[in-house]
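**Student:** how would this look folded up:
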Amino acid sequence: MFLLVWALLLACLPAPAAAQNRPGAAITQMRLEQADDGVYLSAGVQFELPSLVEEVLDKGIAIYFVAEAEMYQERWYWTDRKVAQVTRHMRLAYQPLTRRWRLNVSPVPITGAAGFGISLNQNFDTLGDALEAIKRIGRLRMGDVAEIGDDPLHQVTFRFRLDTSQLPRPFQIGVVGQADWNISAERTAKLALEKQR
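**Tutor:** Model (predicted):
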């Protein structure tokens, strides 16, 4: 009898916000391209920003995303050899005075004034426009053709995540165990090297 009452009580509780039909992040496309100055990876990521994260952004607190790519050369006699690795850091913040969204993109972690010196800065009128720019990862330089090799197919692993380690300390403690802050995706694929037109 006690178990039956307990089961009914659990069934009446509202579902957690993370479980309410919010799909996780997914990598929708990946493409390798060879240009005169090297090999580039482009990727597309699909995710929905949870309302909890939007509330934090509206308060003027920046959030950080990281995109990482690794390229491997297959070897039949040993484990695969990593021939290239690249990382892109993105910082998204709301500017209350201008009512615009600012996106900083950098190859190194964006921390304090030192990180902003080597970053590309873009401003957007809406959060949706800023998120679309984050979801389109374009032209990550993997390296020179000579370093990567001339194999017809290249094995590439691409990862995308919301980096909670760069949030202010009180938020880092508060996000532990909250699924809303878990935005991440990973995909490994063998990609053909396309010549740039």
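**Student:** could I get the full set of strands for this protein?
**Tutor:** Listed from the start of the chain, the chain has strands (DSSP state E) covering 26-35, 38-46, 63-73, 81-95, 100-106, 120-124, 136-143, 153-162, 184-195.
**Student:** of all these, which lies closest to Leu57?
**Tutor:** strand 81-95 (5.3 Å; CB to CB). Where you see a C-beta, it was placed from the backbone N, CA and C, and this is true even at glycine.
**Student:** so how far is that closest one from its chain's centroid?
**Tutor:** Distance of strand 81-95 from its chain centroid, counting by CA atoms, centre = their mean, to the nearest Å, is 8 Å.
**Student:** mind listing what's buried along it?
**Tutor:** For strand 81-95, a neighbour-count test (16 or more other CB atoms under 10 Å) marks Val83, Ala84, Val86, Arg88, His89, Met90, Arg91, Leu92, Ala93, Tyr94 as buried.
**Student:** got it, and stretch 66-75?
**Tutor:** If you call a residue buried by 16+ other CB under 10 Å, then stretch 66-75 has these buried ones: Val66, Ala67, Glu68, Ala69, Glu70, Met71, Tyr72.
**Student:** looking at these, which is nearest Arg187?
**Tutor:** Each of these was checked against Arg187 using CB to CB; the closest is Ala69, at 10.2 Å.
**Student:** show me the shaky parts of this structure.
**Tutor:** 1-23, 112-117, 170-179, 197 (pLDDT under 70).
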